[in-house]
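Asks: Got a sequence here, can you build the structure:
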Amino acid sequence: MPDYGTIDQGYAIELATTAPDVDGPVWMVNLMRYKDRAEYADGRETTLTGREADDEYAPFGPLAAVGAEIVFVADVEDQFIGEEPKWDRIGVVKYPTRAAFIEMQRRDDFQKAHEHKEAGMAETIVIGTQPLQFPEITDPVDWADVPYPPTDDDGPYTMLHVIRFHDEGGAAVTPDRMEAYPEVAGSVAVPNGVRIDGWFSAEGTILGDGRTWHQVRFNTFPSRQAFLAVAFDPDRLDAHSEHRDTAIADTYALGVRAHINTLAASTNDG
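Replies: Just a heads-up that it's a prediction; the model follows:
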């Protein structure tokens, strides 16, 4: 058992026993917080930070061997909602099947590399997700024509929302209470150049702190300034209080800068 999160044994069994005829791609969303200094189980001396140890981990070989691909990697620049923990990095890996995710955990080369992750990671949440339908932007605005276009100092900026909805009778109230919110928010966000990279439903949290999550959303703006223009728009703030705040029980809202972002393409090809 890792010391940076608790495994959901029920979801692990589900991943391992999904019948091949109904198995398919799963997107594993990783929220990561690093130790200030890496701490190896064998007690070795090291000057590595936790982030640097995780960079050493980077299991590109095992991922390729099971047909998985890294489709999103970003550093957290702003944590607007959700005080603790303070997340450092976000990653999304697309596995061709749930079985492939389990297969990778069992590989010797993965387990060998994993010592670096264990040394560097202070806390993590890993959510297994599936793509959701999201509001279609039928007439996107060219980023060259928005009020706050990307610049060398302020380039594309992705807002990541990890959401748990209130339960009523055991069912998430997601859709009903938030139905009007995207329309109002979109009327502000679209002129400022928003692009939806993907909205995902959570089918389980394989590693975490015991909390259950319902959705993960990735919305990219041409710049941080463009996002802030949307965030502080009076009409959006009113809709946020009326609809979104009444639906959401727990959430993280993270502003991130992506190094890798092929998320949208990864959902389009299945």
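Asks: Find the nearest non-adjacent residue to Gln111, please.
Replies: The shortest distance from Gln111 to any residue other than its chain neighbours is 7.9 Å, reached at Gln105 (Cβ to Cβ, 6 or more residues apart in numbering). Using the backbone N, CA and C atoms, a C-beta is placed for each residue, glycine as well.
Asks: pLDDT score assigned to the one you found?
Replies: Model confidence at Gln105, given as pLDDT, is 93.
Asks: and what of the one 4 residues further on?
Replies: Looking at Asp109, its pLDDT stands at 94.
Asks: Could you look up the SS state of it?
Replies: helix (DSSP: H, G, I helix; E, B strand; the rest coil).
Asks: Now do the contacts for it.
Replies: Contacts of Asp109 were listed using Cβ atoms under 8 Å, 6 or more residues apart in numbering, and they are Pro59, Gly61, Pro62, Ala65.
Asks: Same question for Thr212.
Replies: Contacts of Thr212 (Cβ under 8 Å, 6+ apart): Arg164, Ala202, Thr205.
Asks: any idea which of those is the one closest to Ile125?
Replies: Thr205 (6.4 Å; Cβ to Cβ).
Asks: Helices of the stretch 101-250 of the chain, start to end?
Replies: 108-120, 174-178, 181-189, 224-231, 234-239, 245-247 (DSSP state H, counting those that start in this stretch).
Asks: among the ones you listed, which gets the worst mean confidence?
Replies: helix 174-178 (a mean of 46).
Asks: one step back: need the worst-confidence member of the contacts of Thr212.
Replies: Arg164 (94).
Asks: show me what contacts that residue?
Replies: Arg211, Thr212, Trp213, His214, Ile248, Ala249, Asp250, Thr251.
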